[in-house]
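Visitor: Fold the following and give me the result.
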Amino acid sequence: MNLIEPCALCMAVGCILTAGCVATTKENTLDPFSNARDSRFNTTGNSTPPLKGSLSVSITGFSSPADLSVVLDNTKVGTVNHTTPLTLMVSEGDHTVMICVDSICVHENVTARFGRYLMVDFSEPLHREVANAQPSAQIIECNRNGNTLSVDVEFINPSINDVQMSALVSCGYSYIDDRSSIRMGDSARRMGVYTVRAGERITKRLDLDFADGKSISYDYPVLELTIRQL
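Guide: Here you go, the predicted structure:
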């Protein structure tokens with residue numbers, strides 16, 4: 001009986017010590033795991049760059065005397081001509097590509113995808129729009145210096161043919177006559193004839209001469225245009 005009791009006592013102490021070791025070991029293994037987990041999921045400040053796809057813009061079948069601007073989503077991104085296309089890397093998604101020849105613009109809606117090569121050729125729509133375009137002219141500025149009114153006229157030829165433009169600029173005005181001190185009414189006019197090449201625009205100045213007098217008052221000039229294909 002005396003031999004059994006010490007043995008039981010040792011076993012009880014051993015169990016208590018063992019339990020304490022287990023508890024301590026469990027506590028130590030949880031803390032490092034918790035720290036590693038927090039560090040792994042802490043992604044504040046990190047961002048993934050958007051995926052991009054390749055886009056090529058060309059006008060291989062449309063010859064223009066000047067490089068044409070390429071506009072992507074209302075932002076100019078480069079130029080293109082009939083021998084050299086423009087290659088871009090654009091973010092995935094829907095985009096609008098536009099090319100303009102003077103006042104004529106054509107656009108195409110495209111969808112870019114990662115790893116996909118996308119090509120857009122504007123030759124046919126440009127030919128179609130230019131074929132239907134008509135030459136025109138407009139007054140862009142006028143300034144009076146003494147008895148002379150200088151009128152700047154812009155001539156635009158978006159067509160594929162050279163044209164001859166005859167512009168008649170006229171302006172009504174009034175003035176106080178130096179001798180009679182009576183306000184008089186009159187008109188001045190000037191004509192210019194110019195050759196405008198296909199796809200070009202030019203600006204010319206026409207001077208209108210007023211009669212001598214004081215307190216000159218004038219209307220905005222009027223433009224009459226005649227076009228002849230060469």
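
Visitor: contacts, neighbours, all on C-alpha from now
Guide: Noted.

Visitor: Show me the domain layout of the protein.
Guide: With domains defined by automatic domain parsing, the chain comprises 52-132, 136-229.

Visitor: Now render those domains as CSV, adding mean pLDDT and mean neighbour count.
Guide: Listed next are the domains of the chain as CSV, based on pLDDT from 0 to 100; neighbours: other C-alpha atoms under 10 Å:
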stretch, mean pLDDT, mean neighbour count
domain 52-132, 89, 16
domain 136-229, 93, 16
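
Visitor: Is Tyr173 bridged to anything, and to what?
Guide: In this structure, Tyr173 bridges to Asp186, Tyr218 when assessed by DSSP bridges.

Visitor: is it true that it touches Ser215?
Guide: No - between Tyr173 and Ser215 there is no contact under C-alpha atoms under 8 Å: 10.4 Å.

Visitor: where exactly do the helices run in this protein?
Guide: 4-40, 123-132 (DSSP state H).

Visitor: Which of those has the lowest mean pLDDT?
Guide: Of all these, helix 4-40 carries the lowest average pLDDT, namely a mean of 42.

Visitor: so who does the nearest residue in space to Arg228 that is not next to it in sequence touch?
Guide: In this structure, Arg228 finds its nearest non-sequential neighbour in Gln164, 5.1 Å apart by C-alpha to C-alpha, 6 or more residues apart in numbering. Gln164 sits next to Val193, Tyr194, Thr195, Val196, Ile227, Arg228, Gln229, Leu230 when contact means C-alpha atoms under 8 Å, 6 or more residues apart in numbering.

Visitor: which residues does the fourth one bridge with?
Guide: Read it as Val196. Using DSSP bridges, the bridge partners assigned to Val196 are Val163.

Visitor: ok, now which ones touch it?
Guide: Phe155, Ile156, Asn157, Asp162, Val163, Gln164, Met165, Ile202.

Visitor: Distance to Ala137 for the residues you listed - can I get that in a markdown table?
Guide: Formatted as a markdown table, these follow (distance: C-alpha to C-alpha, whole Å):
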| residue | distance to Ala137 |
| --- | --- |
| Phe155 | 4 |
| Ile156 | 6 |
| Asn157 | 9 |
| Asp162 | 15 |
| Val163 | 12 |
| Gln164 | 12 |
| Met165 | 9 |
| Ile202 | 9 |
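
Visitor: From those, pick the one nearest Ser123.
Guide: The nearest member of the contacts of Val196 to Ser123, counting by C-alpha to C-alpha, is Asn157 at 18.5 Å.

Visitor: Identify the residues contacting the closest one.
Guide: Gln134, Pro135, Ser136, Val163, Val196, Arg197, Ala198, Gly199, Glu200, Arg201.

Visitor: Not counting its own residues, what contacts stretch 115-129?
Guide: 52-62, 99, 104, 106, 112.

Visitor: and if you look at stretch 202-222?
Guide: Under C-alpha under 8 Å, 6+ apart, the answer for stretch 202-222 is 147-156, 169-178, 187-192, 196.

Visitor: CA atoms of it as CSV?
Guide: Listed next in CSV are the C-alpha coordinates belonging to stretch 202-222 (Å, rounded to 0.1, in the frame of the first residue of the first chain):
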residue,chain,number,x,y,z
ILE,A,202,-6.2,78.1,-97.7
THR,A,203,-6.8,81.6,-96.3
LYS,A,204,-6.9,84.7,-98.4
ARG,A,205,-7.5,88.4,-97.5
LEU,A,206,-9.8,90.6,-99.5
ASP,A,207,-9.7,94.4,-98.9
LEU,A,208,-12.9,96.4,-99.3
ASP,A,209,-12.6,100.2,-99.7
PHE,A,210,-15.1,102.6,-98.1
ALA,A,211,-15.8,106.1,-99.3
ASP,A,212,-14.2,109.0,-97.5
GLY,A,213,-16.3,110.2,-94.6
LYS,A,214,-16.7,110.3,-90.8
SER,A,215,-18.4,107.9,-88.3
ILE,A,216,-18.3,104.9,-90.6
SER,A,217,-20.7,102.1,-89.6
TYR,A,218,-20.8,98.8,-91.5
ASP,A,219,-22.6,95.5,-91.6
TYR,A,220,-20.9,92.1,-91.3
PRO,A,221,-19.6,91.1,-94.8
VAL,A,222,-21.5,88.7,-97.0
